[in-house]
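**Student:** what follows is a predicted protein model with its sequence.
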There are 2 protein chains.
Amino acid sequence: MALVVMKFGGSSVANRERIQNVAGIICSSAREGNEVVAVVSAQGDTTDELIAKAGEISLKPSKREMDMLLATGEQASAALVAMAVDALGVRSVALTGWQAGFNTNATHGSARIKHLDTERLRAELDRNNVVIVAGFQGVDPAEDITTLGRGGSDTSAVALAAALKAEVCKIYTDVDGVYTADPRKIKKARKLEEISFDEMLEMSQLGAQVLLSRSVELAKKYNVQVEVLSSLTGNPGTIVKEAVNVEGMLIRGVTKDTSFVSISVISVPDRTGIAYKLFSVLGSKGISVDVILQSVERDETRDISFTIAESELERALALLQEHKDSIGFRELTVDKDVAKVSIIGSGMISNAGVASRMFGALSDAGISIRMITTSEIQISVIVDRKEVDRAVEAVHDEFIK
Amino acid sequence: MALVVMKFGGSSVANRERIQNVAGIICSSAREGNEVVAVVSAQGDTTDELIAKAGEISLKPSKREMDMLLATGEQASAALVAMAVDALGVRSVALTGWQAGFNTNATHGSARIKHLDTERLRAELDRNNVVIVAGFQGVDPAEDITTLGRGGSDTSAVALAAALKAEVCKIYTDVDGVYTADPRKIKKARKLEEISFDEMLEMSQLGAQVLLSRSVELAKKYNVQVEVLSSLTGNPGTIVKEAVNVEGMLIRGVTKDTSFVSISVISVPDRTGIAYKLFSVLGSKGISVDVILQSVERDETRDISFTIAESELERALALLQEHKDSIGFRELTVDKDVAKVSIIGSGMISNAGVASRMFGALSDAGISIRMITTSEIQISVIVDRKEVDRAVEAVHDEFIK
């Protein structure tokens, strides 16, 4: 008998048929003798609909009330899934975030879990109940309802798996695992049997949508084995864990990211500390800069290019203009026609030829590289946005046969 | 400065415009210097939609999970109303049933309030917040969410008014008060300025939908002055309180009820205790009998007729058939073509002529009376269902000029 935590996303519980399918998965596991805790998201588009409703009423709804509103989505979903499990003859009980012991800080909209009090959960499992938990939510010290932000139900599930020392945390979603590239775009994309926490973390940060970084970080911290799999096919998914068998694969996957833009700051005086000044202006307002490129010096000035999230563009430009005199640049140019292609793999650390093979494959495909950035387990290049899919394919073809 | 509890029903918060209207009412009262606590129901048809959803998933959903599901309706509604109040520049906070201190027993679906812990509520009022409370819900000793059953938000509001010693509990609804008869049917129906708790109780039990008996009983028990009024017109409504000015009105209103049927038990042996046996069979299964008529004895048998709620008909017939031998009747006949017309008024106690005037008015209208039942402040007659509206009109014309 094992303790299994499952998580079902919004599309997995979108309607009656899907809920009954989810109930079937839960009941099979329970009938095999497992203790099952299932975390569920709000049904389908419920969260977006609630946000739209609030937006109709207030341009700037209070975050506290927004959390109270949004938390109803997961609460309803948990109750419905519990009813479906009951209807299949397996005893179950649904719990809200506060009933399940999710104590968070008071940062409404993106609360952090401070403590998970598993007493009630443990008691329900001891009574032979399957426990269905409303994901994404908790309660702060003032007894106000909080939500955990984007990907919050994954976070709830991993946190529960850690606190209950579950054998595995199964994240059911609408894809059947983690792929070497987006399978909708790249025909030869392969599903990975395993991936390490660090590789998954890079994949998440570099644009793979399947698991958000925050849940992976949590899983890594508490060494929770995660499996990403489909609620529809029943196939084995991808296991995310500490150490994985490299199994001869140099790289684990190719990702793309088209959610950023490149800003060039033209003719910055070539003085010590100017680059620091530039980036601290942005950093102090919470704007993260990703890839940075400095041109060679010319007439005692340089151009500095960097990438930031597209959603931060207006704010970044305003900030830079505000500090134009102290930084001393001539002008700003923006390029939205950029995209990032990355390869990820623990194997590349010990293999010096990986970067040159990547650049060679891109060159053979006639794709020019604008900027490059690397870490121990990933190499990213910035290319023209319109060429990104071709670039992913060329790189994928080079490494994954 | 007074403390005012308001309650807004589902139609009063059905959409954005209605919510903003409600927020306007709340803010006006707060700006006049009142401390305001507003109880809200789920928006429009939300509750029915949630019940339908559960019904799709399970033929017999667990009542505990049903409560968890339904409670989301009021929670969402409270959050939205609080946002709308905020948007008008008045500080507010929304509370769920458990946050507002509604401690109930564990009878899911129709829980009773055991204790209202007003500490949090009082603290929010002291912080100059308007408090919006999700009606209809509470929490039981196991920390499970409960609902208070039909009319539950009215009950929440009256209970809050009692606990907070509010000056008045304003029940906003889609009618603008309590009328002498249903104003959609009876043109001459008049709105009452005042009505006593006892009269209101009879009106509720006899078919007036405006306030359910349970809330009126609670208001009477704690002597909470209630005002029933419209959230749309802004007109003064009807005050429900302990002692009212009879103001020359012999009767307070005329109601009709078409939700019951009449069963006749034919040829019951005329033995002592047989009527008791008959009604205890029904009573033991929770079926309440209302008006009873015994025929005169004939061949040592009698016929006994009585009325019960139409929804209980199948169950009642099955029970009686099961006990056919021990009761010893010959056959059962059912008459669905029945309706009850009642007059209510504290004034009639001291006026012997009221009944005869009622019967006279019906007789003049050519309507025959099948059964009669009376209490200190009401007289009811059973008539043919197809004649009920004419009967209400005839009686109303007689008493209310």
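**Tutor:** Now that the structure is in, tell me what you want to look at.
**Student:** get me the contact residues on the stretch 51-200 of chain A for chain B.
**Tutor:** A:53-54, A:56-59, A:61-62, A:64-66, A:68-69, A:71-73, A:75-76, A:78-80, A:82-84, A:86-87, A:93-94, A:96, A:99, A:120, A:143-145 (CB under 8 Å from any CB of the partner chain). For the C-beta atoms, the positions are set from N, CA and C on the backbone; glycine is no exception.
**Student:** these, buried ones only, as a ChimeraX selection?
**Tutor:** Of these, the buried ones go into a single ChimeraX selection, burial set by 16 or more other CB atoms under 10 Å in any protein chain shown:
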select /A:53,54,56,57,58,61,62,64,65,66,68,69,71,72,73,75,76,78,79,80,82,83,84,86,87,93,94,96,99,120,144,145
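**Student:** surely A:A394 and A:F359 touch.
**Tutor:** No - A:A394 is beyond contact range of A:F359, at 10.7 Å (criterion: CB atoms under 8 Å).
**Student:** those two: who's more crowded?
**Tutor:** The neighbour count for A:A394 versus A:F359, taken as other CB atoms under 10 Å in any protein chain shown, is higher for A:A394 (21 against 16).
**Student:** could you point out which element follows the helix or strand where A:L70 lies?
**Tutor:** When secondary structure is defined by DSSP states H and E, A:L70 falls within helix A:63-87. Sequence-wise, the next helix or strand downstream of helix A:63-87 (DSSP H and E) is strand A:92-95.
**Student:** show me the contacts for the residue of the stretch 101-250 of chain A found nearest chain B.
**Tutor:** Residue nearest to chain B within the stretch 101-250 of chain A (CB to the nearest CB): A:E143, separated by 6.0 Å. By CB atoms under 8 Å, 6 or more residues apart in numbering or on different chains, the contact list for A:E143 reads A:98, B:99, B:120.
**Student:** in the stretch 151-300 of chain A, where is pLDDT below threshold?
**Tutor:** A:206-208, A:244-249 (pLDDT under 70).
**Student:** would you map the strands across it?
**Tutor:** Applying DSSP state E, counting those that start in this stretch to the stretch 151-300 of chain A gives strands spanning A:168-173, A:194-196, A:226-230, A:238-241, A:253-257, A:260-269, A:292-294.
**Student:** so can I have a markdown table of these showing mean neighbour count?
**Tutor:** As requested, these are exported to a markdown table (neighbours: other CB atoms under 10 Å in any protein chain shown):
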| stretch | mean neighbour count |
| --- | --- |
| strand A:168-173 | 25 |
| strand A:194-196 | 23 |
| strand A:226-230 | 22 |
| strand A:238-241 | 22 |
| strand A:253-257 | 25 |
| strand A:260-269 | 19 |
| strand A:292-294 | 14 |
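**Student:** which one of the contacts of A:E143 sits closest to A:A355?
**Tutor:** A:W98 (49.7 Å; CB to CB).
**Student:** so what's the closest one closest to, chain neighbours aside?
**Tutor:** Among residues not flanking A:W98 along the chain, A:V139 sits closest, at 3.8 Å (CB to CB, 6 or more residues apart in numbering or on different chains).
**Student:** repeat for A:I382
**Tutor:** Closest to A:I382 by CB to CB, 6+ apart is A:M371, at 4.0 Å.
**Student:** with A:D154 instead?
**Tutor:** Nearest residue to A:D154 in three dimensions, chain neighbours excluded: A:S215, at 3.9 Å (CB to CB, 6+ apart).
**Student:** for A:N105, same thing?
**Tutor:** Take A:N105 and drop its neighbours on the chain: the residue closest to it by CB to CB, 6+ apart is A:R112, 5.2 Å away.
**Student:** list the contacts of the one you found.
**Tutor:** A:104-105, A:148.
**Student:** A:K241 contacts A:F197, doesn't it?
**Tutor:** Yes - if you go by CB under 8 Å, A:K241 and A:F197 touch, sitting 7.1 Å apart.
**Student:** now the helices for the stretch 151-300 of chain A?
**Tutor:** For the stretch 151-300 of chain A, the helices defined by DSSP state H, counting those that start in this stretch cover A:152-163, A:197-205, A:213-222, A:274-283.
**Student:** format these as JSON lines; extra columns: mean neighbour count and distance to A:L320.
**Tutor:** Formatted as JSON lines, the helices of the stretch 151-300 of chain A follow (neighbours: other CB atoms under 10 Å in any protein chain shown; distance: least, CB to CB, whole Å):
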{"stretch": "helix A:152-163", "mean neighbour count": "27", "distance to A:L320": "33"}
{"stretch": "helix A:197-205", "mean neighbour count": "24", "distance to A:L320": "25"}
{"stretch": "helix A:213-222", "mean neighbour count": "20", "distance to A:L320": "27"}
{"stretch": "helix A:274-283", "mean neighbour count": "16", "distance to A:L320": "7"}
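**Student:** which one of those lies nearest to B:V341?
**Tutor:** Closest to B:V341 of the helices of the stretch 151-300 of chain A, according to CB to CB: helix A:152-163, at 56.2 Å.
**Student:** helices or strands up against that closest one?
**Tutor:** Where contact means 3 or more CB pairs under 8 Å, 6 or more residues apart in numbering or on different chains; DSSP states H and E, helix A:152-163 is packed against strand A:3-8, strand A:35-40, strand A:113-116, strand A:168-173, helix A:213-222.
**Student:** partners of the fourth one in the sheet?
**Tutor:** Here strand A:168-173 is paired, per DSSP bridges, with strand A:3-8 (parallel), strand A:226-230 (parallel).
**Student:** and these: which comes nearest B:V4?
**Tutor:** strand A:3-8 (44.4 Å).
**Student:** so what touches that closest one?
**Tutor:** Taking CB under 8 Å, 6+ apart as the rule, strand A:3-8 contacts A:22, A:25-26, A:29, A:34-41, A:81, A:125, A:135, A:153-154, A:156-158, A:160-161, A:164-172, A:231.
**Student:** one step back: please name the residues that touch the residue nearest to A:D154.
**Tutor:** Applying CB under 8 Å, 6+ apart, the residues near A:S215 are A:151, A:154-155, A:157-158, A:171, A:226.
**Student:** for chain A, list the residue farthest from the centre, please.
**Tutor:** Distance to the chain centre peaks in chain A at A:D299, reaching 43.8 Å (criterion: CA atoms, centre = their mean).
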